[in-house]
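Enquirer: From the sequence below, what's the structure:
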Amino acid sequence: MLAIGVSSLLADANYEMVLAVLPLFLILGLGAPVYALGLVEGVADGASAVFKFTSGYFSDRIRRRKSVATAGYAVTAAGLGLLRAVTTWPQVLLGRGVAWIGRGSRQPIRAAMLAGSVENEDLGKAFGFHQAMDTVGAVIGPAVAFLLISSGHLYRDVFAVAILPGVLAVVCFAVFTRDPRTSPPRRKVTWEPLPAAFWRLLVAVGVFGIADFAPTFMTLRAAEMIELQAGEHAAVLSAIGFYVGMNVIGSVVSFPAGWLTDRMGKPPVLAAGYALFAATCLVGAFGHGTLGVVAFLLPAGAYGPLVKATEDSYVGSLVEDRLRGTAYGVKHAVNGMGDLVSSVAVGFLWSRSGPRLALSYSGLLALLATAALIVLSRPPSRERAGSGQGAR
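Expert: Below is the predicted model:
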């Protein structure tokens with residue numbers, strides 16, 4: 001578990017260093033329109049979604065989870081390294097897409113390896129710890145980007161420095177993790193049904209997915225709020241600082257979020273995360289100035305760990321180990337396709353009508369997802385009746 005966490009910390013430092021400046025590089029450096037950011041984020045997440053499903057499904061069959069995940073770490077580092085040389089936003093889309101294919105291929109496998117390393121009653125804490133390591137890396141990466149930009153370095157210099165933690169993540173995962181001991185692989189690849197409770201959860205996850213846009217839009221919105229008062233350079237530094245602050249809050253919230261899921265149950269904690277994202281959108285839509293950025297920052301940093309760690313531990317509690325790679329692949333694929341829709345839609349609405357309409361759209365969908373989760377997390381009456389008869 002520790003080696004997986006350290007690898008994730010390094011990988012997050014790699015790509016979060018890039019993401020902290022990517023929207024500013026696109027809009028201010030390359031002169032791209034806002035909808036280009038939506039396309040870059042959306043297409044990358046869509047490509048990632050395909051690989052999330054296929055890698056998770058086949059890892060359950062071939063039982064070579066470590067080798068596939070290691071390759072995913074390497075492809076991510078290589079794709080982000082390409083950004084050092086781009087000159088147009090379609091080239092950014094290509095590099096980002098390659099990187100997210102690698103990220104998508106490793107995520108469900110890594111989640112399955114982590115779930116298989118602990119007992120079911122400790123899933124919340126395990127994923128909370130992992131999310132905390134993720135967010136520590138997500139603090140280090142943007143903090144380095146902030147130091148580089150504030151000292152006069154270029155966006156491309158940030159992309160160059162980001163290569164180092166990406167390479168270290170590959171080495172750490174390849175050397176210090178191992179595949180769990182499992183039964184021999186099956187000779188024939190077949191589909192086995194996942195439990196009904198998993199599919200009910202997936203409906204709410206899907207609705208939230210089409211609301212949950214890329215966090216780079218939050219960085220862009222923070223820059224817009226500040227630029228009206230302080231000018232472009234201050235806005236750039238404030239936006240990167242916002243990204244750092246968002247991830248600091250996330251690192252503080254991550255482990256307690258996992259602990260809460262084990263104590264309070266997963267549905268109420270996940271519903272709180274969905275509702276908090278809705279609040280984030282509404283504050284971002286109507287806030288302005290320094291106070292608006294601060295009010296925007298707090299929920300923006302806290303909602304992610306509540307959602308990510310709880311969704312993954314929830315899935316782990318619903319599905320037995322031999323099908324977890326498939327289940328995580330399906331769940332992460334739904335996340336990714338939702339991100340494709342949400343980022344493209346938000347980018348389009350932002351370009352046509354401004355951030356208020358775009359963020360309000362996402363906030364309302366998040367409220368719908370919260371309601372769907374509350375309803376669908378309750379087992380059907382026949383299941384409750386059956387369990388009651390069994391108890392008697």
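Enquirer: So which residue is dead centre in the chain?
Expert: In the chain, the centroid-proximal residue (Cα atoms, centre = their mean) is K308; its distance is 6.8 Å.
Enquirer: quick one: contacts for that residue?
Expert: Residues near K308 by Cβ atoms under 8 Å, 6 or more residues apart in numbering: Q131, D134. (Glycine included, C-beta is placed from N, CA and C.)
Enquirer: ok, 6 Å please
Expert: Counting by Cβ atoms under 6 Å, 6 or more residues apart in numbering, K308 touches Q131.
Enquirer: Check what pLDDT it gets.
Expert: K308 carries a pLDDT value of 85.
Enquirer: how far away is it from L202?
Expert: The gap separating K308 from L202 is 15 Å, by Cβ to Cβ, to the nearest Å.
Enquirer: all helices in this protein, in order from the N-terminus.
Expert: 2-24, 34-62, 65-81, 89-115, 123-150, 155-176, 196-209, 216-230, 232-264, 266-286, 289-318, 324-353, 355-376, 381-391 (DSSP state H).
Enquirer: what's the least confident stretch among those?
Expert: Out of the helices of the chain, helix 381-391 stands lowest, with a mean of 47 (criterion: mean pLDDT).
Enquirer: which one is R324 nearest to, not counting chain neighbours?
Expert: A112 (4.4 Å; Cβ to Cβ, 6 or more residues apart in numbering).
Enquirer: cool, and A235?
Expert: Nearest one to A235, counting by Cβ to Cβ, 6+ apart, is E227 at 3.7 Å.
Enquirer: what's the neighbour count on the one you found?
Expert: Neighbourhood size, E227 [other Cβ atoms under 10 Å]: 16.
Enquirer: now S151
Expert: By other Cβ under 10 Å, the burial measure for S151, its neighbour count, is 8.
Enquirer: For L364, see how far away it is.
Expert: 42 Å.
Enquirer: leaving aside the residues next to it on the chain, what's closest to V118?
Expert: A126 is the one closest to V118 (Cβ to Cβ, 6+ apart), at 4.4 Å.
Enquirer: tell me the contacts of Y314?
Expert: Here Y314 is in contact with K266 (Cβ under 6 Å, 6+ apart).
Enquirer: typo on my end, A223
Expert: A235, A239.
Enquirer: What distance do you get for it to L237?
Expert: From A223 to L237 the distance is 9 Å (Cβ to Cβ).
Enquirer: How about L164?
Expert: From L164 across to L237, the span is 23 Å (Cβ to Cβ).
Enquirer: same question, A174
Expert: 37 Å.
Enquirer: same check, this time on M113
Expert: Remark: distance between M113 and L237 (Cβ to Cβ) = 39 Å.
Enquirer: and what of E311?
Expert: Taking Cβ to Cβ, one finds E311 at 33 Å from L237.
Enquirer: neighbour-wise, which of those two wins?
Expert: Ranked by neighbour count (other Cβ under 10 Å), E311 and L237 place E311 first, with 26 against 17.
Enquirer: and H233, how many neighbours does it have?
Expert: H233: 11 neighbours (other Cβ under 10 Å).
Enquirer: go on, W350?
Expert: By other Cβ under 10 Å, neighbour count at W350 equals 25.
Enquirer: any idea how far G336 is from the nearest residue to it once chain neighbours are set aside?
Expert: The shortest distance from W350 to any non-neighbouring residue, by Cβ to Cβ, 6+ apart, is to A358 (4.2 Å). Separation of A358 from G336 (Cβ to Cβ) stands at 20 Å.
Enquirer: now swap in G250 and tell me
Expert: 20 Å.
Enquirer: Spit out the contact partners of R263.
Expert: By Cβ under 6 Å, 6+ apart, R263 has no neighbours at all.
Enquirer: from memory G56 sits against G325, does it?
Expert: Yes. With contacts counted by Cβ atoms under 6 Å, G56 reaches G325, the gap being 4.4 Å.
Enquirer: follow-up on the earlier one: any idea how far M1 is from the residue nearest to R324?
Expert: 13 Å.
Enquirer: Ok, G81 next?
Expert: On the measure of Cβ to Cβ, G81 and M1 end up 28 Å apart.
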